[in-house]
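In: Whatever this is, show me its structure:
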Amino acid sequence: MNKNYTAAEIALFLKIAKSEYDVVRLVDPYNRMILDNDKFIPTGEICHDIWGRCERCENCTSVRALQYHRNAYKIEFVKDKVFFIVSRYLEMEGRPLVMELVADATGDFIVNTDQKDEVARFIISHNDMLITDSLTKLYNRRFLDEHFVPSLRCCLPLGTLVNIAILDIDHFKAVNDKYGHLAGDQVLKDVAGFWKLHFDSRENGKENIVIRYGGDEMLILNCGLTGAEFEKKIQRHDQEMRKVCYCERAVHFNFDLSYGIASSEEMAKTWKWEDLFKLADQRLYTAKKNKKLKI
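Out: Next comes the predicted model:
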């Protein structure tokens, strides 16, 4: 299926779509920009302003469409209105973009009165399921790839500092082998719950987020602190944490954590997420290696 079009062809698509949808716009979701429908230049508007939010939608269908090169869909509830959104991936002469088609479906959204709350709960639950790890209730890798990493493009021009700590549970396989996978799951939930308690805020420009990256690795992410402030905060909470897991009344054991910490403060002005992550990952490896040498 052809997804690469000329500017003239896209202009025609937009014109036709306007007869069927209430809002038709071209967006660059990674940079959160809306493009003018005639000249295809940035308008200065932020794409999620339409929903009255200062932050990117947690389930941004346009980022998903751009990432996977396919259409994505969602239903958005704003006050007493219901909107149906289609995010269509396309390329304009090689430039990847997304055409957002928004329809006010309030008058046509038919659901039995006694099912309205059930529908709302289903949508909220489904959205949470997409971006949340079911075991630890932390954000998952999908949230990292589709929300947090794309949003970093705004940090560069603003000069916002970004910090990362990669957390790893020492000898996690041995915990599973000795005490069973239920004990391993309990350790993961204990660690996740502790760090989420201290790093869970979405204030604009001062975000604190914990993500389950995979296995026993978690990411602690911060925007706004200096590298020294972030590292000090990690160390303080690490010292405060009670590293004992009580799986069952007769089963309890100690565990420990290792960290790799890095800050965009250490990177070049045009730093990339991959470089920041790699530096933290290298430091995690060094930290774990040094622990083994001490044993």
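In: any idea how far the spatially closest residue to Asp22 that is not a sequence neighbour is from Ile34?
Out: Spatial nearest neighbour of Asp22, excluding adjacent residues (CB to CB, 6 or more residues apart in numbering): Asp104 at 4.8 Å. Every C-beta, even on glycine, is put in place using the N, C-alpha and C of the backbone. Asp104 is 18 Å from Ile34, where distance means CB to CB, to the nearest Å.
In: Out of those two, name the residue with the larger neighbour count.
Out: Legend: neighbour count by other CB atoms under 10 Å for Asp104 and Ile34, higher for Ile34 (20 against 15).
In: Show me what that one is bridged to.
Out: With DSSP bridges as the criterion, Ile34 is bridged to Val27.
In: what residues are up against it?
Out: Residues counted as contacts of Ile34 (CB atoms under 8 Å, 6 or more residues apart in numbering) are Arg25, Leu26, Val27, Pro42, Thr43, Glu45, Ile46, Cys47.
In: quick one: pLDDT of it?
Out: Looking at Ile34, its pLDDT stands at 87.
In: Then Leu219?
Out: pLDDT, Leu219: 97.
In: correct me, but it touches Ala165?
Out: Yes. Counting by CB atoms under 8 Å, Ala165 is a contact partner of Leu219 at 7.2 Å.
In: between these two, which one's more packed in?
Out: Neighbour tally, Leu219 and Ala165, criterion other CB under 10 Å: the higher count belongs to Ala165, 27 against 23.
In: check contacts around that one.
Out: Leu219, Ile220, Phe230, Glu231, Ile234, Tyr259, Gly260, Ile261, Ala280.
In: Checking Leu167 next. Helix, strand or coil?
Out: Look at Leu167: counting by DSSP: H, G, I helix; E, B strand; the rest coil, its state is strand.
In: Make 122 the first number, not 1, from now on.
Out: With 122 as the first residue, the last one maps to Leu288.
In: Apart from its chain neighbours, what residue comes closest to the residue most central in space within the chain?
Out: Nearest residue to the geometric centre of the chain (CA atoms, centre = their mean): Phe264, 2.9 Å. The shortest distance from Phe264 to any non-neighbouring residue, by CB to CB, 6+ apart, is to Ile252 (4.0 Å).
In: And the pLDDT at that neighbour?
Out: pLDDT recorded at Ile252 is 85.
In: got it, and the one 5 residues further on?
Out: The predicted structure scores Thr257 at 95 on the pLDDT scale.
In: so it makes contact with Leu309?
Out: Yes. The pair Thr257 and Leu309 qualifies as a contact (CB under 8 Å) at a distance of 5.6 Å.
In: Touching both of the two, which residues are there?
Out: Arg333.
In: Do you have the helices of the stretch 222-371 of the chain handy? List them.
Out: Assignment of helices within the stretch 222-371 of the chain using DSSP state H, counting those that start in this stretch yields the ranges 237-252, 262-264, 270-272, 276-279, 293-300, 302-319, 348-361.
In: Can I get these in CSV including distance to Ile196?
Out: Output for these, formatted as CSV (distance: least, CB to CB, whole Å):
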stretch, distance to Ile196
helix 237-252, 6
helix 262-264, 19
helix 270-272, 22
helix 276-279, 30
helix 293-300, 39
helix 302-319, 28
helix 348-361, 38
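In: quick one, which of the ones you listed is nearest to Phe374?
Out: Phe374 lies closest to helix 293-300 among these, at 6.5 Å (CB to CB).
In: Give the rounded mean pLDDT of the closest one.
Out: Mean predicted lDDT for helix 293-300 stands at 92.
In: likewise stretch 213-225?
Out: Averaging pLDDT along stretch 213-225 yields 90.
In: Can you show me the CA trace of it as CSV?
Out: Extracted as CSV, the C-alpha positions of stretch 213-225 are listed here (Å, rounded to 0.1, in the frame of the first residue of the first chain):
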residue,chain,number,x,y,z
MET,A,213,5.0,13.6,2.2
GLU,A,214,7.7,13.3,-0.4
GLY,A,215,9.7,11.1,2.0
ARG,A,216,8.9,13.1,5.2
PRO,A,217,7.1,10.9,7.8
LEU,A,218,4.0,12.6,9.2
VAL,A,219,0.6,11.7,10.6
MET,A,220,-2.8,12.9,9.4
GLU,A,221,-5.2,13.2,12.4
LEU,A,222,-8.9,12.9,11.7
VAL,A,223,-11.1,13.9,14.6
ALA,A,224,-14.9,13.3,14.6
ASP,A,225,-17.2,14.6,17.3
